[in-house]
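Participant: Below are the sequence and a predicted model for it; my questions follow.
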Amino acid sequence: MISPLLLFDADIRPALKTKLLTAHRNEPDTVLLDELGVCRGEVRVDVALVNGIIHGYEIKSDYDSLRRLPGQVEIYSKVLDKATLVAGGRHVKEAAAILPEWWGVLSVEATRLGPRFKTFRRAQKNPARDARALAELLWLDDAMELLERHKLDRGVRGKPRRIVWDRVCTGLDIEVIASAVRANLKARTKPPAHP
């Protein structure tokens, strides 16, 4: 018999999304993404909040293992401005010891009214994003448009995306790349305008 005090991902995820959407309800420039693929889909961030930053949330329910967490942390740390682990009570202390100091930890516990969240450690700014990993979040057309805007597109038109991404990384500051990534992620989630 399953203990009623333990939560599955399916219990946590909708409650987390509701919490985030409520906290940012007055920010029309904020979007919430499910399963954001990073590093060419090597891993997926469970929930990503995109506004002036990309804040990723990784969920580890009481039924999950922490076995994959170190690898996820390594990859998420290349692209996320902030990261928070949302963990069931049985994982919080062990996970906090694995995570870099800048990662936040949000504990979640079951109550009769649904999951309840408590901040164990607040997320801080990521000290070391990777320009190439960020650039790889741009679709080829988006990367070319970014290069055109900065007059860096000469010689890369029609080239494979890896060459286009190389140009983005060598020609632009990481903050310019990050800003373009955020704008493009937000644009992908907006419904198309009606004719």
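Facilitator: Okay, I see it.
Participant: show me where this protein has helices.
Facilitator: 9-23, 69-79, 92-98, 131-135, 140-149, 161-171, 174-189 (DSSP state H).
Participant: so which of the ones you listed gets nearest residue 106?
Facilitator: Closest of those to residue 106 is helix 9-23, at 8.1 Å (criterion: Cβ to Cβ). Yep, even glycine has a C-beta here, placed from its N, CA and C like the rest.
Participant: Can you give the distance of that closest one from its chain's centre?
Facilitator: The chain centre lies 15 Å from the centre of helix 9-23; the measure is Cα atoms, centre = their mean, to the nearest Å.
Participant: Go through that helix and flag the buried ones.
Facilitator: Neighbour counts using 16 or more other Cβ atoms under 10 Å place 9, 11, 12, 13, 15, 16, 17, 19, 20 of helix 9-23 among the buried residues.
Participant: Could you export these to TSV, including columns for distance to residue 170?
Facilitator: Listed next are the buried residues of helix 9-23 as TSV, based on distance: Cβ to Cβ, whole Å:
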residue	distance to residue 170
9	40
11	45
12	41
13	38
15	43
16	38
17	37
19	40
20	35
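Participant: Please work out which of the helices of the chain is packed deepest.
Facilitator: Highest mean neighbour count among the helices of the chain (mean count of other Cβ atoms under 10 Å): helix 131-135, with a mean of 22.
Participant: how much space between the residue minimising distance to the centre of the chain and residue 179?
Facilitator: Centroid-nearest residue in the chain, with Cα atoms, centre = their mean: residue 56, separated by 3.1 Å. Distance of residue 56 to residue 179, given as Cβ to Cβ, to the nearest Å: 17 Å.
Participant: follow-up on the earlier one: and the helices of the chain as JSON lines, adding mean pLDDT and distance to residue 51?
Facilitator: Shown next, in JSON lines, are these (pLDDT from 0 to 100; distance: least, Cβ to Cβ, whole Å):
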{"stretch": "helix 9-23", "mean pLDDT": "90", "distance to residue 51": "11"}
{"stretch": "helix 69-79", "mean pLDDT": "92", "distance to residue 51": "15"}
{"stretch": "helix 92-98", "mean pLDDT": "88", "distance to residue 51": "25"}
{"stretch": "helix 131-135", "mean pLDDT": "95", "distance to residue 51": "16"}
{"stretch": "helix 140-149", "mean pLDDT": "95", "distance to residue 51": "18"}
{"stretch": "helix 161-171", "mean pLDDT": "94", "distance to residue 51": "22"}
{"stretch": "helix 174-189", "mean pLDDT": "92", "distance to residue 51": "8"}
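Participant: May I see the domains of the protein written out as residue ranges?
Facilitator: If you go by automatic domain parsing, the domain ranges for the chain are 9-121, 131-189.
Participant: residue contacts, the residue nearest to the centre of the chain?
Facilitator: Residue 56 sits next to 36, 45, 46, 47, 48, 49, 76, 80, 82, 83, 84 when contact means Cβ atoms under 8 Å, 6 or more residues apart in numbering.
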